[in-house]
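Participant: coords please:
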Amino acid sequence: MRMLTFTIVQAWLILSGAILFEVAGTTCMRLAEGFTKPIPSVLIFVFYAISFSLNTIVIRTLGLSIVYAVWSGVGTVITSMIGFWYFKEPITTIKILSTTLIIIGILGLYWSSRING
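Facilitator: Just a heads-up that it's a prediction; the model follows:
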């Protein structure tokens, strides 16, 4: 079987797509209202399947720790922003501080992989 190979730029673009599908899937969780809305309920699984598939094909290029940290961290930050702006969830100092720590953690993992990799 032939292995897919990607340039770094291609891998980052694919990872960006994976993040967008993860955010869409997570947003559908809220829209599904406990699986009472059929379309968002189905889309949760569709979007997550696409997201995980995209992650899987770029792990060889970017590495597991980077792919997972960026995917989950950036997805969390974007999802939090959607919660604040679209769903009108309260913004608190603790939430802002926690989101900042997530971003710092992602950057730390990325920079450490650049130094050691």
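Participant: Low-confidence regions, this protein specifically.
Facilitator: For the chain, applying pLDDT under 70 flags the ranges 1, 114-117.
Participant: all strands of it, in order?
Facilitator: Secondary structure of the chain (DSSP state E): no strands present.
Participant: the helices in it, which residues?
Facilitator: 8-31, 38-62, 64-85, 93-116 (DSSP state H).
Participant: Contact partners for Ile57?
Facilitator: Leu4, Phe6, Ile14 (CB atoms under 8 Å, 6 or more residues apart in numbering). For the C-beta atoms, the positions are set from N, CA and C on the backbone; glycine is no exception.
Participant: Please repeat the previous calculation with a cut-off of 6 Å.
Facilitator: Listed by CB atoms under 6 Å, 6 or more residues apart in numbering, the contact set of Ile57 reads Leu4.
Participant: same question, the one 4 residues further on
Facilitator: Shown here is Thr61, whose contacts under the criterion CB under 6 Å, 6+ apart are Phe6, Ala11.
Participant: Next one: it from Thr76, what distance?
Facilitator: Distance, Thr61 to Thr76, using CB to CB, to the nearest Å: 23 Å.
Participant: same question, Phe47
Facilitator: Phe47 is 16 Å from Thr76, by CB to CB.
Participant: repeat for Leu109
Facilitator: Counting by CB to CB - Leu109 and Thr76 are separated by 14 Å.
Participant: do the same with Gly63
Facilitator: On the measure of CB to CB, Gly63 and Thr76 end up 20 Å apart.
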